[in-house]
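Student: Quick one, structure for this:
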Amino acid sequence: MDKKNALRAGAVSAGTTLMMLLMTSPALALTRDDGDDPGAGLSIAETLGLFVALPIVLFLVIAGLVMVGDKSRKQEAK
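Tutor: Presented below is the predicted three-dimensional model:
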């Protein structure tokens, strides 16, 4: 029964994601609004650093702080 529920949840998630991607119209991104003032684009390295490396580093820092806090509490209890 567990596998059936997991399969159903996966199918619903995949279907929802697919529908959201299909319903989004990228053509709307081509029309400019009156107040637009776009800056310079990001390079590939800047994009990877901002959207890949930075979240990984933040995750590791937060996980490390949680682990340090957890270990100090366990040592006090002994």
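
Student: Enumerate the positions of the lengthiest helix in the chain that are buried.
Tutor: The single longest helix within the chain, with elements called by DSSP state H, is helix 54-77. Neighbour-count burial for helix 54-77, counted by 16 or more other CB atoms under 10 Å, picks out no residue. Just so you know, the C-beta spots here come from the backbone N, C-alpha and C atoms, and that holds for glycine as well.

Student: contacts for it?
Tutor: With CB atoms under 8 Å, 6 or more residues apart in numbering as the test, helix 54-77 has no contacts from any other residue.

Student: In this structure, where is pLDDT below threshold?
Tutor: In the predicted model, the chain carries pLDDT under 70 at residues 1, 25-29, 72-78.

Student: repeat that for 80
Tutor: Within the chain, the set of residues satisfying pLDDT under 80 comprises 1, 24-36, 71-78.

Student: chain center to the longest helix of the chain: distance?
Tutor: Computed by CA atoms, centre = their mean, to the nearest Å, the separation of helix 54-77 from the middle of its chain amounts to 20 Å.

Student: Now it - C-alpha only, CSV.
Tutor: These are the backbone C-alpha positions of helix 54-77, laid out as CSV (Å, rounded to 0.1, in the frame of the first residue of the first chain):
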residue,chain,number,x,y,z
LEU,A,54,25.7,29.9,-2.7
PRO,A,55,22.7,27.8,-1.7
ILE,A,56,24.9,24.8,-1.2
VAL,A,57,27.3,26.8,1.0
LEU,A,58,24.4,28.2,3.0
PHE,A,59,22.9,24.7,3.5
LEU,A,60,26.3,23.4,4.7
VAL,A,61,26.7,26.4,7.1
ILE,A,62,23.3,25.9,8.6
ALA,A,63,23.7,22.2,8.8
GLY,A,64,27.0,22.6,10.6
LEU,A,65,25.6,25.1,13.1
VAL,A,66,22.7,22.7,13.8
MET,A,67,25.2,19.8,14.3
VAL,A,68,27.4,21.9,16.6
GLY,A,69,24.4,22.9,18.7
ASP,A,70,23.1,19.4,18.9
LYS,A,71,26.5,18.0,20.0
SER,A,72,26.9,20.6,22.7
ARG,A,73,23.5,19.8,24.1
LYS,A,74,24.3,16.0,24.2
GLN,A,75,27.6,16.7,26.1
GLU,A,76,25.8,18.7,28.8
ALA,A,77,23.3,15.9,29.4
